[in-house]
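J.: coords please:
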Amino acid sequence: MSALLYRIGRGAGRHPWRVLALWLAAALIALAANSAIGGDTDDTFRLPGAESQVGADLLKDRFPQQTLYTSNVVLHDDRGLDRPPVRNAIETAVAALADGPHVVSVTNPFDPRGPTLSEDGTTAIATIGYDTETTGAEALEAADDAVAPLREAGVQVEYDGALGYATATEEEGSETLGLLIAVVVLVVVFGSLVAMSLPIGVTLLATLIGTSVLGVLAGAFPVPEIANVIGLMLGLGVGIDYALFILSRHRQNLEAGMGVPDAIGRANATAGLSVLFAGSTVVLAIAGVQVSGIPMLAMMGWGAAIMVAVTMLAALTLLPALLGILKTRVNSLKVPLLGRHTTREGVTVRWVRAVVARPVVFGLAAAAILVTLAVPALSMRLAFPDAGNDPEHATTRQAYDLIADAYGPGTNGPLLVVLDGDDQPVPATVADNVRATTAALPGVAAVSAPVLNDAGDLAVLTLTPTTSPQDEDTALLLDQLRDRTLPDLTNEHEVTAFVTGGTALTVDVSTRLADRMPLFLAVVIGLSFLLLAMVFRSILVPVKAAVLNLLAIGASYGVVVAIFQWGWAADLIGVHSEMPIMPLAPMLMFAILFGLSMDYEVFLLSRVREQYQRHHDAHRAVLEGVGATGRIITSAAVIMIAIFAAFILATDATTKLFGVGLSIAVLLDVTLGRMVLVPAAMALLGDRAWWLPRWLKRWMPAVDLDPHDDAEPDNGRSTEPLAGGPAIGHYHHAGLTGGAHR
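T.: So this is what the prediction gives:
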């Protein structure tokens, strides 16, 4: 593989314009395809096989008038809504709302069969039923036109559901701030404006193509909006990091006196091979969410994996082409006093020497910090954030608060009890008995009269809890209904009961994820273990990596719980109410973070292994390996943290959650993980770190991250081995080794 990457890098360096033309053509094709056949994002959520999904499908197929795709138009006026002029205006608006696109029904707040006027007469609800879960600008415009006379009359009008979220305006890309920080870091690292621009340019073109590919996929599959956000977040972070590693090695090669094509080829064969392995590990880890059995989560994973794959390919091919175009001008436009920091490298090596000298003390201290931070994760409660977590100025939040104040918090998350007669009429006695019994349960505020479809074989009752959708008591009530109450009422009859609705779906998602989590962990950790074992020819190194990664991820979970669920310092990031953790977040975060942790593991330990194979001194190899990579890995981590943390500025709480979780995890992984726990563990393991049973050596294929002369075709320019002794001098000249400070 190293020989192939050498040829790819050297070939791109010798024929750069061809490669650049191919990438530009790919970008144009992707953009054109997205424009022609791409689709909009689709946040339709399905959970195949779950009780809530079965109930929802029954309603869609046999009782579409009771659609779950609803949005409430909430009306409020302190002067009262039952005044004749206002009442007439409301009824006129209801008639106009019924003419909107995709509308199948609209309730009248004054309908005697189900009035929604509050007891004090100041609040009312008109519920719009749609034939699709997603309502766009056209539906919003129609609703605004219908209620315009009410607003002119001084009535407050707010929307919830998809209609409410359609009012959200496009936010300025928070990723811009992350890119600006990345620019500053790259300038400090390279000391050259030209060198700085290369990782940024390569990554932007790659993410443009990746985003267009996701747009094309959205034309054929339901791609949620959050998939684009996470894909962009991850693509920018890893793309800049991958280009940074390869470019750094290329500059080392140039300073060692290599010709440009050879320097590019050798950078691709060394750092590029690490990029290929690390990127493949990230893709495999993220693709592991497929085992969740949740289509939306799987698509989020595939979207992120596509972005990583495209940025990895760009780093291995497009970057070498640009280096071939620039030739020795890669270090042009130098910034005074920047780019060479041998003093900082001395600090890094002195720090690592202290850790290696007392590995138990440093290791236990770092592990204790991570375990302490992880403690809040033990109380993690999974549920989808609702409109109560939206910004206070949002119409969805205004509607949520008006409904909660006027009708009780449970009105924002009713449970729908669906009684299926299986092609036979649902007995009225059964439906009435279900209503009477459930209405008497603790935690139930009200139960509506049963409504039957035209065939009479499907009945629906709306059960309103006394607690909010996110309240744990609501989930307990759902369990009681499903496990005891409804089976007891329907088992003796040919009627099957299902509980559906948004709250029920949330509980089912949490249950599904809990059931699939062991399989998911086995797949992700198992695949990563095998890959690391093949690359490093070791059993203990991948075991150590898995344990340390779990510690860092657990600590990031704990921080997320403390901020979002407990509300600690939540105001500082614009979250003004406590909220549960989105059920999809832990699994997707684990996949992303485990893969990213493997990135730094590969880059660091490949250099440690390279040094160990030279002199077989384990402690010295740790010092040299961390000293050679510490500054670059730290710089890459700062960029990654900046990209992730910039998304905390978004208004959406879920986006903030991912931004906090991912940035904190990378911070902990690099500071306590790579700079403390890894050198401490490697020092304690010593020579045993590279032990591999003989029988496993014969069975396991070799993947060498340390190419030798045979990785380079004989071109008459250089016979110096990539991993030979003189290479130490290469690192020293680049200011990237601790050898000069020992």
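J.: When you work out contacts or count neighbours from here on, use the C-alpha atoms and nothing else.
T.: Fine.
J.: Tell me, what's the model's pLDDT at the closest residue in space to N433 that isn't next to it in sequence?
T.: Leaving out its chain neighbours, the residue that sits closest to N433 by Cα to Cα, 6 or more residues apart in numbering is L489, at 7.5 Å. Turning to L489, the model gives it a pLDDT of 93.
J.: neighbours around the residue nearest to T634 when sequence neighbours are not counted, how many?
T.: In space, and not counting its chain neighbours, T634 is closest to V670: 7.0 Å by Cα to Cα, 6+ apart. Other residues within reach of V670, judged by other Cα atoms under 10 Å, total 23.
J.: so who does V670 touch?
T.: 600, 633-634, 637 (Cα atoms under 8 Å, 6 or more residues apart in numbering).
J.: same thing with V310?
T.: Taking Cα under 8 Å, 6+ apart as the test, what V310 contacts is 206-207, 209-210.
J.: if I read this right, V622 contacts E610, doesn't it?
T.: No: here V622 lies out of contact with E610, judged by Cα atoms under 8 Å, at a distance of 10.2 Å.
J.: Comparing the two, which residue is more hemmed in?
T.: Taking other Cα under 10 Å, V622 and E610 do not tie; V622 has more neighbours (28 against 19).
J.: What helix or strand is that one located in?
T.: For V622, the host element (DSSP states H and E) is helix 618-646.
J.: Could you check the angle the helix or strand following that helix makes with helix 618-646?
T.: Toward the C-terminus, helix 618-646 is succeeded by helix 653-668 as the next helix or strand (DSSP H and E). With axes from the mean of the first three to the mean of the last three Cα atoms, to 10 degrees applied, the angle from helix 653-668 to helix 618-646 works out at 160 degrees.
J.: now the strands for this protein?
T.: 70-76, 103-106, 123-130, 156-159, 415-420, 444-447, 451-452, 458-465, 496-500 (DSSP state E).
J.: other SSEs contacting the last one?
T.: The one in question is strand 496-500. helix 51-62, strand 415-420, helix 486-490 (3 or more Cα pairs under 8 Å, 6 or more residues apart in numbering; DSSP states H and E).
J.: and that strand, which strands flank it?
T.: Looking at strand 496-500 with DSSP bridges, its partner strands are strand 415-420 (antiparallel).
J.: How about the third one?
T.: Strand 123-130 sits in its sheet next to strand 70-76 (antiparallel), strand 103-106 (antiparallel), going by DSSP bridges.
J.: Which of these has the highest mean neighbour count?
T.: Across the strands paired with strand 123-130, averaging neighbours per residue (mean count of other Cα atoms under 10 Å) puts strand 70-76 on top, at a mean of 24.
J.: which residues touch that one?
T.: By Cα under 8 Å, 6+ apart, strand 70-76 touches 122-130, 133, 155-164, 399, 402-403.
J.: same thing but 7 Å
T.: With contacts defined as Cα atoms under 7 Å, 6 or more residues apart in numbering, strand 70-76 is touched by 122-130, 155-163, 399.
J.: Can you give the distance of it from its chain's centre?
T.: Centroid separation for strand 70-76 versus its chain: 31 Å, with Cα atoms, centre = their mean, to the nearest Å.
J.: try stretch 629-642
T.: Per Cα atoms, centre = their mean, the centroid offset for stretch 629-642 relative to its chain is 20 Å.
J.: longest helix of this protein?
T.: Using DSSP state H, we find that the single longest helix of the chain is helix 502-536.
J.: burial of K334, as a residue count?
T.: When neighbours are counted by other Cα under 10 Å, K334 comes out with 16.
J.: How about L572?
T.: Using other Cα under 10 Å, the number of residues around L572 comes to 9.
J.: try P336
T.: There are 8 residues near P336, going by other Cα under 10 Å.
J.: Noted, bye for now.
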